[in-house]
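Asks: Okay, sequence plus prediction incoming.
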There are 2 protein chains.
Amino acid sequence: MLKPIIFLGLLLLLTCESPDATGKADASTETTTKEEVPAEGYPWDIPQSKPDRPLSAAMERLYDNYLTPRPEDNELFSSFKYTPLEGLDYNNGDGTISRRDASKIIKENGKYYVWYTRRNTVAPPVGFHRAKEATDEIPSTDWDLSEIWYATSEDGFTWEEQGVAVPRPPKPAVGWRSVTTTDILKWKGKYYLYYQAFMEASGLKGDHCPVAVSYADSPDGPWTPANQVIIPNGEPGTWDQFSIHDPYPLVYKDKIYIYFKAAYGDRPEYLVGNGLAIADDPLGPFTKHPLNPLFNSGHETALFPFKEGIAALVIRNGNEASTIQYAEDGVNFNIASVTSLMPTAAGSYIPDAFNSNGNGRGISWGLCHFTNASEVKGKSHSILARFDCDLSLDVDDPAMKNTQLWLRPEVYFSQGLTKEQKARLQTSR
Amino acid sequence: MLKPIIFLGLLLLLTCESPDATGKADASTETTTKEEVPAEGYPWDIPQSKPDRPLSAAMERLYDNYLTPRPEDNELFSSFKYTPLEGLDYNNGDGTISRRDASKIIKENGKYYVWYTRRNTVAPPVGFHRAKEATDEIPSTDWDLSEIWYATSEDGFTWEEQGVAVPRPPKPAVGWRSVTTTDILKWKGKYYLYYQAFMEASGLKGDHCPVAVSYADSPDGPWTPANQVIIPNGEPGTWDQFSIHDPYPLVYKDKIYIYFKAAYGDRPEYLVGNGLAIADDPLGPFTKHPLNPLFNSGHETALFPFKEGIAALVIRNGNEASTIQYAEDGVNFNIASVTSLMPTAAGSYIPDAFNSNGNGRGISWGLCHFTNASEVKGKSHSILARFDCDLSLDVDDPAMKNTQLWLRPEVYFSQGLTKEQKARLQTSR
């Protein structure tokens, strides 16, 4: 059975084209033919590039869609480890202090900086669906009546809260009700915080707000609000007509890329999508990408420069929740791996967020949040925590490439049948 | 901007072909043009079929790869609920009794039947890597020195153990060391149990064993061993040269389809794949599919007839772990959704496992196992548990379509950094 392989080898020398099933040229084909793939059966030694033989759809995908056949070798696969933070006070978890939605983390003046949504209210939130009961002092949601604060850290584990960065401006200025869910851009020596600027308690009509920006000469402020809507909502009838959430700036291809989220479709039947707006200047004008939405899943999406493209953690909601995706062009994302127990609302430390120059190095840690910090009803609040992973070309930690997560049986049993489900099973027996 | 849409409509009437970006014909296109998609921006109302406009790769995928845009509507998306079983004794969890690897569940004589690997040994296993310390009475692994037992249930929650189905035959017969990981076939009124038949303690050279079969006229036995290797290992140098694991029979297209697993590549760098062998008779001969392996991931793979094809839970290990996949032809599987907290080693209740006739109805419950039932070292054993889900065309339970799994922060913190990782972070700061 070696003859056909030799023949193919000659053919390759003549045509410089791969005879693989997809018809795509494959630089690795010459290597593959040298590996002397047995004619009968897929080889025992895992071929690192696509072997020259008929393949099932899944095996085609293994070579076409993933950086490496084994997730353990895949620079875009990681499991996640979690550590509680030191240094942040939550008033004994009584629900009056909440911290959530960490920005990406940057290193300035020898310290790590993070910005986040901080709520400090007289009472815990009444809840999204009871928003009418909210007052000027009692919040509807966990992110109502909030401000943008920041903290710094020497080691990423212990954080020192530095105070407010962007306060709520006086009514009726943009964001008077709440300023939340911020992220940071550094551009030509200046700093820009993009954030959601609420003019009503979230939950009243939905979770509607525009995106605003404040800027400063130092990461320690003072921050000046630009007093303008930076990314306008879409036209009536379009997916982002009501909300532009989670503005997330990166510098890519010498332009400012702001990825953002919008939930679309009427509740509760909505879908979560993510789009992109591009500008030459931090204050705009921003042009939305014509192919928006760019993600079909992801309640939170944490993006970072990776090699020549952009990679993303696609977190919660949608057919592709819990995936790590990659777009060589920053626009057309494909699944690069599937993982589990992802960091909710991840804000990663991204050393090259603003200067990757086509050689993004990836991430290895960041902050995330838990919105279910309290089990006690009426003490609802969120806490920040640290996550570690290995999605970095500069880290090689096999212990972060765990494809078998061992959780206690109790964790599974915590996901129990509801009363209604038990009743349904009783009758359908 | 309505003119092009009308023009496309006319074009469609003339050509009956879709102008969508992939060039595939799309029966839904006429509906789409009627929806009057706004020219500027993806529409607010979630189009249920692919809209006639340029789409990003992710949005193309949303329509090409998934049954519905929202996972909540997707018959091949489900979350999972877990319930402990009643009726099975584990000797106070001292490690001497273990039950694992449930077969698919079938209903016979008005009762549910399940077969599984049961170990009852004088001591708990010494461990895969200490297999040399195993004796004729002390097991190497949790599945060493095991037998195939069965239990029945009226309701799927309380199970009554009926006794042994396939015992270990006397040395040196096939399976003398251990018979494990069975699954059931019903064919022309007879019952067939396929299983792994070990002739040495697993861990000594790997986890090597052939597949054997026993048959009976009743699900209650008695079972007669066929005394032959049913699915032979692959040729030397091929992926399944050493192990054929988890034999899993279904009747599909009037033939016997046995899916099986093999780990390939030298440890610890191995990959897990799943293949298929087809026969006209339960005792063979079985012909392996030329496109094997058919899965690129999945330490355990639970398959079931679904519509005209076969669907599968792809559980643990690989770039596509935690996915639910579907193959219209039973061979070329694609990702149909991504989920989390999947049932380990699921054995589902499949009413139409042997007579789906091109109209597979799906699954809604089964048994799984937890191999980490004990936290105490030296008491290692596995327990069976029940899982519920909604991957059935005959069930419509929105509470099973949860894309936001709320696990306590403690669950995340249970995945902590190792000493080595802490040291690495200390030095890299």
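Replies: Now that the structure is in, tell me what you want to look at.
Asks: Ignoring the adjacent residues along the chain, who's closest to A:P170?
Replies: The shortest distance from A:P170 to any non-neighbouring residue, by C-beta to C-beta, 6 or more residues apart in numbering or on different chains, is to A:W176 (6.4 Å). C-beta: built from backbone N, CA, C; applies to glycine.
Asks: residues in contact with the one you found?
Replies: The contact partners of A:W176, taken as C-beta atoms under 8 Å, 6 or more residues apart in numbering or on different chains, are A:R168, A:P169, A:P170, A:M199.
Asks: ok, so of those, who is nearest chain B?
Replies: A:M199 (20.8 Å; C-beta to the nearest C-beta).
Asks: quick one: the closest one and A:R177 touch, right?
Replies: Yes. Counting by C-beta atoms under 8 Å, A:R177 is a contact partner of A:M199 at 5.6 Å.
Asks: Which one's more surrounded, those two?
Replies: A:R177 (24 against 15; other C-beta atoms under 10 Å in any protein chain shown).
Asks: picking up where we left off before, find the pair from the contacts of A:W176 with maximum spatial separation.
Replies: Across the contacts of A:W176, the longest distance by C-beta to C-beta is 12.5 Å; it joins A:P170 and A:M199.
Asks: State the number of residues packed around A:N227.
Replies: Using other C-beta under 10 Å: A:N227 sits among 13 other residues.
Asks: correction: A:F306
Replies: A:F306 is flanked by 26 other residues according to other C-beta under 10 Å.
Asks: what's the nearest residue to it if we skip its chain neighbours?
Replies: Nearest residue to A:F306, sequence neighbours excluded (C-beta to C-beta, 6+ apart): A:G360, at 4.3 Å.
Asks: Kindly state the beta-bridge partners for the one you found.
Replies: Beta-bridge pairing for A:G360 (DSSP bridges): A:K307.
Asks: That one touches A:P351, doesn't it?
Replies: No. Using C-beta under 8 Å, A:G360 is not in contact with A:P351; the gap is 9.8 Å.
Asks: higher neighbour count, the two?
Replies: The neighbour count for A:G360 versus A:P351, taken as other C-beta under 10 Å, is higher for A:G360 (23 against 20).
Asks: ok, the more buried one to chain B distance?
Replies: According to C-beta to the nearest C-beta, to the nearest Å, A:G360 and chain B sit 19 Å apart.
Asks: so who does that residue touch?
Replies: Here A:G360 is in contact with A:F304, A:P305, A:F306, A:K307, A:E308, A:G309, A:I310, A:A311, A:D352 (criterion: C-beta under 8 Å, 6+ apart).
Asks: ok, 6 Å please
Replies: Going by C-beta atoms under 6 Å, 6 or more residues apart in numbering or on different chains, A:G360 touches A:P305, A:F306, A:K307.
Asks: Next one, pLDDT for the second one please.
Replies: To tie it back to what came earlier, the one meant is A:F306. We have a pLDDT of 98 for A:F306.
Asks: my guess is it contacts A:G362, does it?
Replies: Yes. A:F306 is in contact with A:G362 according to C-beta atoms under 6 Å; the separation is 5.4 Å.
Asks: What's opposite the closest residue to chain B within the stretch 201-350 of chain A in the beta bridge?
Replies: Closest to chain B within the stretch 201-350 of chain A is A:T238: 3.2 Å, counting by C-beta to the nearest C-beta. On the basis of DSSP bridges, A:T238 is bridged to B:P43.
Asks: pLDDT score for it?
Replies: 95.
Asks: Make sure it is actually in contact with B:G41.
Replies: Yes. At 3.2 Å, A:T238 counts as touching B:G41 under the criterion of C-beta under 6 Å.
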